[in-house]
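J.: can you look at this prediction? I've put the sequence above it.
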Amino acid sequence: MGDCQSVPQEDNELQVSKERVQVIIPEGVAAGSQIKFRTPDGRLIQVVIPEGFGPGDKITVEVPPKKVQENKFKTLHEAFVYLDPKHTGYITDRDRFAEVASMLTDLKGTKEEVWKSLDKDGNGQVNWPEFVEWAEDNCSEPLELGLSGSESAVSFPALWTGPTDKPSDYVAQLQVTDTEQFMELGELVQKTYKKIWTRDRKKTGVDKVPSGFDLIKAMRCENLKDWKRYYHRRHQIAHACSQKTNFVKRPVLTSRAAALYKRQAIRTHCNEWLLFHGTSPESAKSILSGTGDFVISLAGSATGTLYGRGTYFAESITKADEYAQADEDGLCCVLVCKVAAGHVLYNDEVTPDAEKLQQSCISGEHHSILGDREKCRGTFKEIVIFDADQVYVEYALFYKRQYA
């Protein structure tokens, strides 16, 4: 965010006082980029750096007069409901958003530029947690959330040990030393094992299915920002599922680990599940540290796009292991995530229409896809999510493959 100092000037032609401020361009900002700064009266202004200017330079910006359009929303939730008239759980109407943004903020720019301030991942849709985060970053006078009771408060898992408010960037990885919990994670691995080969197994460098997996270490993850976003999104999904007459509660293989499901208080009534996600050591490290995330817009590049360009999860450790890469000591890593799958779009076609399936989720009709390759190909079920806030990384499991 740029620094500024007031430079009042008189506009004789209009006979009104206008204010201009000088903004110092911060490091790492090039011409054409957008920066934000606060005016002397506390408003947040967004400007585009003109050609010929760079870090350390000063530019003069005219501060627009305070809006005369009255804000008709008392809470952020009221604004979100207005922006989501079909109750899909997403904001997609750019014209409506531009209207609301003009009421709540002093952001300048075209409709598309204002939309980009909201839709940071570029997927064309924005959920409630993303909207709240946008409001916190851009509203000079933020509104109350406007949710009642348990909707506005955030409950934390029973195992949570860190802060529940500040600092907002709190992230920790805590080794699981409790023997009982470690055994429950071992049970999760054991009860989801399936001796089934697919061609993706070749990616591991050994073209045969391990006879088992030896759990060496488990880390439990705490990420304050991610948990709050996941909590609110799960609450929203649970409410949507309760309103659907065609909602189906579906079992998954990981629910066989009943003790762990109980410990984690998994909400199976809205198809919240524990699922595996195999990844590279570098990606796992980035996600666990809080510097990375499940970037939906880039997902599918490593795992294919059979059901659309989402993030793929497995109910079986064997399937997730196909995407885990061993280090020089033979140690592999998979993530165990809480996933709010919600209203699931079931598909057992050999060659599904990926674009059609993806749009059904993005439009808000469904929250996830369950591709039943077990039924149509005799392999594994795959679950696909298109919204990163439906995922919370709970554990990282470090293990070694066993071969008989």
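T.: Received it, and whenever you're ready, just let me know what you need.
J.: how about the helices in the stretch 301-404 of the chain?
T.: 317-321, 354-362, 373-376 (DSSP state H, counting those that start in this stretch).
J.: for the helix or strand hosting Trp134, C-alpha coordinates in PDB please.
T.: Here Trp134 sits within helix 128-138, counting by DSSP states H and E. Extracted in PDB, the C-alpha atoms of helix 128-138 (Å, rounded to 0.1, in the frame of the first residue of the first chain):
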ATOM      1  CA  TRP A 128     -19.100 -15.700   1.500                       C
ATOM      2  CA  PRO A 129     -15.600 -16.100   3.200                       C
ATOM      3  CA  GLU A 130     -14.000 -14.400   0.100                       C
ATOM      4  CA  PHE A 131     -16.500 -11.600   0.200                       C
ATOM      5  CA  VAL A 132     -15.900 -11.000   3.900                       C
ATOM      6  CA  GLU A 133     -12.100 -10.900   3.300                       C
ATOM      7  CA  TRP A 134     -12.600  -8.400   0.400                       C
ATOM      8  CA  ALA A 135     -14.800  -6.100   2.700                       C
ATOM      9  CA  GLU A 136     -12.200  -6.200   5.400                       C
ATOM     10  CA  ASP A 137      -9.500  -5.200   2.900                       C
ATOM     11  CA  ASN A 138     -11.400  -2.500   1.100                       C
END
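J.: quick one: average confidence on the helix or strand just after it?
T.: Proceeding N to C from helix 128-138, the next assigned helix or strand is strand 171-175, under DSSP H and E. Strand 171-175 shows a mean pLDDT of 92.
J.: which residues touch strand 171-175?
T.: Identification of contacts with strand 171-175 by Cβ atoms under 8 Å, 6 or more residues apart in numbering yields 161-162, 217-224, 288-290, 396. For every residue, glycine as well, the C-beta is placed using N, CA and C.
J.: next structured bit after the helix or strand hosting Gln22?
T.: Assessed by DSSP H and E, Gln22 sits inside strand 16-24. For strand 16-24, the following helix or strand on the C-terminal side (DSSP H and E) is strand 34-38.
J.: mean confidence for the helix or strand following that following strand?
T.: Counting by DSSP H and E, the next helix or strand C-terminal to strand 34-38 is strand 44-48. Mean pLDDT, strand 44-48: 75.
J.: any idea how far the helix or strand following strand 44-48 is from the chain center?
T.: With elements assigned by DSSP H and E, the helix or strand that comes after strand 44-48 is strand 58-63. Strand 58-63 sits 35 Å away from the centroid of its parent chain (Cα atoms, centre = their mean, to the nearest Å).
J.: by how many degrees do the very next helix or strand once past strand 58-63 and helix 128-138 diverge?
T.: Heading C-terminal from strand 58-63, the first helix or strand you meet, by DSSP H and E, is helix 76-83. For helix 76-83 against helix 128-138, the angle by axes from the mean of the first three to the mean of the last three Cα atoms, to 10 degrees is 120 degrees.
J.: who's in contact with the next helix or strand after helix 76-83?
T.: Once the chain leaves helix 76-83, the next helix or strand it forms, by DSSP H and E, is helix 94-104. With contact meaning Cβ under 8 Å, 6+ apart, helix 94-104 is reached by 67, 69-73, 79, 82-83, 91, 107, 111-112, 114-115, 117-118, 135, 138-139, 143.
J.: in the helix holding Trp134, which residues are buried?
T.: Neighbour counts over helix 128-138 (16 or more other Cβ atoms under 10 Å) mark Trp128, Pro129, Glu130, Phe131, Val132, Glu133, Trp134, Ala135, Asn138 as buried.
J.: next one: stretch 57-65
T.: Buried residues in stretch 57-65 (16+ other Cβ under 10 Å): Ile59, Val61, Val63.
J.: of the contacts of helix 94-104, buried ones?
T.: 73, 79, 82-83, 91, 107, 114-115, 117-118, 135, 138-139, 143.
J.: reformat the residues you listed as a markdown table; add distance to Trp197.
T.: As requested, the buried ones among the contacts of helix 94-104 are exported to a markdown table (distance: Cβ to Cβ, whole Å):
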| residue | distance to Trp197 |
| --- | --- |
| Phe73 | 56 |
| Ala79 | 52 |
| Tyr82 | 52 |
| Leu83 | 48 |
| Ile91 | 44 |
| Leu107 | 54 |
| Val114 | 51 |
| Trp115 | 46 |
| Ser117 | 48 |
| Leu118 | 45 |
| Ala135 | 49 |
| Asn138 | 51 |
| Cys139 | 54 |
| Leu143 | 55 |
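J.: which ones are touching Gln190?
T.: Gly212.
J.: doesn't it fall inside a helix?
T.: Yes. Under DSSP: H, G, I helix; E, B strand; the rest coil, Gln190 falls within a helix.
J.: let's have the chain start at 776 instead
T.: Shifting the count to begin at 776 puts that one at Gln965.
J.: and it, how far is that from Tyr1082?
T.: 28 Å (Cβ to Cβ, to the nearest Å).
J.: would you format the helices of the stretch 1076-1179 of the chain as CSV with distance to Lys1113 and mean pLDDT included?
T.: Below are those laid out as CSV (distance: least, Cβ to Cβ, whole Å; pLDDT from 0 to 100):
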stretch, distance to Lys1113, mean pLDDT
helix 1092-1096, 15, 96
helix 1129-1137, 18, 89
helix 1148-1151, 22, 94
